[in-house]
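Chemist: below: sequence and its predicted model.
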Amino acid sequence: VGPGSLVAVCLVRSTELVVALHAILRAGGAYVPIDPEYPDERIAFMLDDLDQPLLLTQRRLVARFADASATVVAIDDPAASPASTASVHPPQVSPNDLAYVIYTSGSTGRPKGAMITHRAIANRMHWLQEHFGLTTADRILQKTPFSFDPSVWELFWPLTIGAQVIVAEPGGHRDSAYLTQAIVEHGITTMHFVPSMLRLFLEDPRAGECTSLRRVIC
């Protein structure tokens, strides 16, 4: 994996997901998120469109890719662990190199991969920090599925300045009671909502307990 490489990632939301995305970027490649909840037909189309990519997944999902046109690696398989943990010097990556490719919904035809460069992400992170000013005391709840763009700032913006990322449990983004509990338990200060989920959250009887929350991006 290096500059110009596309690496498909099909993982449930977890610490392993965060590590995998950072590893791909550190190696110079670009990640392509594949939500495990996607239908098999959509996943097959994406993998064919990527033309035999490397695919990072988990053992619980490997069976779904038995016929896939990809090199499949289960990152939680002990056999996939490297023999050496020697440090790897990251390659030179230019601002115009790809960082990730997110496929459109396909609602107006066949899904298309939107190619996003490091320059675009760096610009977005700089703008967010300039306007909203996270500090090392902030905690961000990473709850957006990583196949949607808001997940990018949830994952990378806080880590650029030393804030904390709290990874929500799989499916947690659809449960207002869980989100309220997570905010209270972890002292979440910043998070993203789509309007429909924000309404459900505000209607939760415990929403008033979320006194740590200072920024809601909607």
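Modeler: Yep, it's here.

Chemist: for this protein, longest helix please?
Modeler: helix 118-132 (DSSP state H).

Chemist: ok, and what's touching that one?
Modeler: With contacts defined as Cβ atoms under 8 Å, 6 or more residues apart in numbering, helix 118-132 is touched by 93-100, 134, 152-153, 156-157, 160-161, 190, 215. Yep, even glycine has a C-beta here, placed from its N, CA and C like the rest.

Chemist: got it, and stretch 56-65?
Modeler: By Cβ under 8 Å, 6+ apart, stretch 56-65 touches 7-12, 16, 20, 24, 36, 40, 43, 47, 55, 72-77.

Chemist: try it again with 6 Å
Modeler: The set of residues external to stretch 56-65 that reach it, using Cβ atoms under 6 Å, 6 or more residues apart in numbering, is 9-11, 20, 36, 72-77.

Chemist: now the spatially most central residue of the chain: phi and psi?
Modeler: When Cα atoms, centre = their mean is applied to the chain, the residue found nearest the centroid is Phe146 (3.4 Å). Backbone torsions for Phe146, taken as degrees, to the nearest 10, come to phi -70, psi 0.

Chemist: over to the one 4 residues further on?
Modeler: In this entry, Pro150 is assigned phi and psi values of phi -60, psi -20 (degrees, to the nearest 10).

Chemist: which residues in the protein form helices?
Modeler: Under DSSP H, the chain gives helices at 15-26, 40-50, 118-132, 150-161, 176-186, 195-203.
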